[in-house]
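> Here is my input, please return the structure:
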Amino acid sequence: MKTNIKTRSLIIGGLTVFGFGCQSFAMDTSYSPVSITKSFSDMKKEDVKNKPMLMEKHMKILHERYNLTEKVDPKATMSGGKPLPVGPTVKLKKDVTWDTLSTMSPEEIKEKNVFPYLPLPHVVPESGGLVVSPKQLKTHPELVRFDMEFDLPDAYLPEFPPPMYLISRPDLGDVTGGEEITIHNYFEKLNGILTPLQLDGMRLLVTPVAQQQFNVTADRKADKAQDAVSCFTCHVNGHSSGVFHLNPDNRPQMTRFRIDTPTLRGVNVQHFFGSKRAIRSLVDFSEIEAKTAYFDGDPVIGLKKGARRFTREEVGAMAAMQNMLAFPPAPKLGIDGRLDPKKANDSELRGERLFDKNCASCHAAPYYTDNSAHDLKVERFYKGRPEGLIKTFALRGLKDSPPYLHDGRLLTIEDTVEFFNLVLELKLSAEDKKDLVAFLRTL
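Residues are numbered from 1 along each chain as shown. Model (predicted):
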């Protein structure tokens, strides 16, 4: 049956999605609906009604894939003291073990449908958007969405609030005093430490502005009409809080990947920015984020909802501040970024040798990145569309940044090692994998 873009609405699982009266949103278009004909109260009522079913459906998928019982190592902690999560958390199919998986070819794994690390879906991929963890919502109730909730347990997220370290003042350690830097305290905390330009950049990074789900329009997903999202909402204290959304780089909607917010620590060593590395400077990145990424990659919607139009001087100040965000201390690494044999134990040193052999071609010391992007061709292992290029994240400070990979499907470092052991066909032994985890924790 042929339908007109102005009158049709999308049916998914019995739900009408993006059915905005005479301006229904077709999922195969590149654009979001501009004219909304439903009232805010009607839209909210429908979202609240559908939320329990959508959450139940999503959490069923997660519990089928993962053991989400929070397991941590109290003797190993993030920089601020939070215990590290321990894995692997993924559930293997019946009669499948890690050893048997490692002996199977990619084609065999795909044919038998036993690949354990499928892409992690957004809670509601049909609408997507920014979703914040419960711990952060305790201090930021303005970020509560009435249409969906966060999905991963706190054990598998970065600590909140995380420490913040400055390249210019390593002698100070964590400059936050254990607090979240916000518009209300940034000057008190950082005056006399930052330069005037950096301090102004920090002001802009913590100033709430309009965002796709949090603004004053009728199609928002928060109760209160207000500008509520700053750069440091997702990048708390210049790090990450586990906020996720959908990548802005492709359409139609259901082909988009979940994106886990990366840290800004050590961003000064990066040469390219954006989830597809399409942006060539931190200044441009800061400007484009505010104009488009905040609004689902759609500049038209940004204009409608109130995108902040930063001047070049302002984005320059924001970039200057971001370039001061340092990696966390790594006491066992020398000035070359490699393990100091006098400080590392035998397992960590064995792990470093394994890393040098299998991983360092992309993740080279001292920052453990090649400032490039690579296609892992993960579709060799499961029936699904190609995932394409994934940028090489810097591994310095890795232990502070769960979950891992671009979409957060790897909840722990152990899961990350198992994933790459399969994808790169390394055939590591159980002892090798333990040593590699031990080394990665030192970074």
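
> Please name the nearest non-neighbouring residue to residue 434.
Excluding its sequence neighbours, the residue lying closest to residue 434 (C-beta to C-beta, 6 or more residues apart in numbering) is residue 347, at 6.8 Å. The C-beta positions use only the backbone N, C-alpha and C, and glycine is treated the same way.

> nope, residue 145 is what I meant
residue 221 (4.6 Å).

> The one you found belongs to a helix?
No - counting by DSSP: H, G, I helix; E, B strand; the rest coil, residue 221 is not found in a helix; it is coil.

> number of nearby residues for it?
Residue 221: 20 surrounding residues under other C-beta atoms under 10 Å.

> Hmm, it is touching residue 213, no?
Yes - assessed by C-beta atoms under 8 Å, residue 221 is found in contact with residue 213 at 4.0 Å.

> Quickly list what's touching both of those two.
129, 145 (C-beta atoms under 8 Å, 6 or more residues apart in numbering).

> Not counting its neighbours along the chain, what's nearest residue 424?
residue 358 (6.8 Å).

> got a list of what that neighbour touches?
424, 426, 428.

> Which residue ranges of the stretch 201-350 of the chain form helices?
231-234, 282-291, 299-305, 312-322, 346-358 (DSSP state H, counting those that start in this stretch).

> Return the member of these having the minimum mean pLDDT.
Looking over these, mean pLDDT reaches its minimum on helix 282-291, with a mean of 81.

> List the contacts of that helix.
Taking C-beta under 8 Å, 6+ apart as the rule, helix 282-291 contacts 209, 231, 267, 270, 273-274, 279, 299, 302, 307-310, 312, 315-316, 318-319, 322-323.

> So what pairs up with the residue nearest the centre of the chain in the strands?
The residue lying closest to the centre of the chain (C-alpha atoms, centre = their mean) is residue 260, at 1.5 Å. Beta-bridge partners for residue 260, by DSSP bridges, are residue 244.

> surely it meets residue 403?
Yes - judged on C-beta under 8 Å, residue 260 makes contact with residue 403 at a distance of 6.1 Å.

> Overlap of the contact sets of those two?
residue 242.

> Not counting sequence-adjacent ones, nearest residue to residue 299?
Per C-beta to C-beta, 6+ apart, closest to residue 299 is residue 292, 5.2 Å.

> which ones are touching the one you found?
Residue 292 sits in contact with 248, 298-299, 302, 307, where contact means C-beta under 8 Å, 6+ apart.

> In those, find the pair that's most separated.
Using C-beta to C-beta, the two most remote members of the contacts of residue 292 are 248 and 307, lying 13.6 Å apart.

> Which per-residue confidence value corresponds to residue 220?
95.

> how far away is it from residue 210?
Distance, residue 220 to residue 210, using C-beta to C-beta, to the nearest Å: 9 Å.

> To which secondary structure element is the closest residue to residue 144 other than its chain neighbours assigned?
Nearest non-adjacent residue to residue 144, counting by C-beta to C-beta, 6+ apart: residue 137, 5.7 Å away. Taking DSSP states H and E as the definition, one finds residue 137 inside helix 134-139.

> Identify each buried residue in that helix, please.
135-136 (16 or more other C-beta atoms under 10 Å).

> Check which element follows that helix along the chain.
By DSSP H and E, the next helix or strand past helix 134-139 is helix 186-190.

> Quick one: list the elements packing against that following helix.
helix 196-205 (3 or more C-beta pairs under 8 Å, 6 or more residues apart in numbering; DSSP states H and E).

> Could you pull out the buried residues of the helix it packs on?
Those would be 198-205, for helix 196-205 by 16+ other C-beta under 10 Å.

> With stretch 107-117 instead?
Quick answer for stretch 107-117 (16+ other C-beta under 10 Å): 109-110, 114-117.

> what does stretch 33-47 give?
33, 36, 38, 43-44, 47.

> Ok, stretch 359-370 next?
Those would be 359, 362-370, for stretch 359-370 by 16+ other C-beta under 10 Å.

> From one end of it to the other, what's the distance?
11 Å (C-alpha to C-alpha, to the nearest Å).

> Ok, stretch 319-334 next?
28 Å.

> average pLDDT for stretch 131-151?
97.

> I meant stretch 97-112, not that one.
96.

> which residues are in contact with it?
88, 92-93, 114-116, 380-383, 418, 421-422, 425, 427-428, 430.

> and the longest strand for the protein?
strand 72-77 (DSSP state E).

> Can I get it in PDB, CA atoms only?
Only the C-alpha atoms of strand 72-77 are listed here, as PDB (Å, rounded to 0.1, in the frame of the first residue of the first chain):
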ATOM      1  CA  VAL A  72      33.600  -5.800  41.300                       C
ATOM      2  CA  ASP A  73      37.200  -6.200  42.500                       C
ATOM      3  CA  PRO A  74      37.500  -4.200  45.700                       C
ATOM      4  CA  LYS A  75      41.300  -4.300  45.400                       C
ATOM      5  CA  ALA A  76      41.400  -2.700  42.000                       C
ATOM      6  CA  THR A  77      39.900   0.800  41.700                       C
END
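
> partners of that strand in the sheet?
strand 83-85 (antiparallel).

> what does the partner strand rub up against?
By C-beta under 8 Å, 6+ apart, strand 83-85 touches 70-74, 76-78, 155-156, 399, 402, 411-413, 441.

> Which one of those residues sits in the busiest neighbourhood?
residue 411 (28 neighbours).

> residue contacts, that residue?
66, 85, 87, 89-90, 152, 156, 402-404 are the contacts of residue 411 under C-beta under 8 Å, 6+ apart.

> if we go to 10 Å?
Contact analysis of residue 411 by C-beta atoms under 10 Å, 6 or more residues apart in numbering lists 65-68, 85-90, 120, 152-153, 155-157, 402-405.

> And the pLDDT for it?
98.

> any idea how far it is from residue 153?
From residue 411 to residue 153 the distance is 9 Å (C-beta to C-beta).

> Identify the contacts common to the two.
66, 68, 85, 89.

> Just flag the most distant two among the residues you listed.
66 and 85 (11.5 Å).
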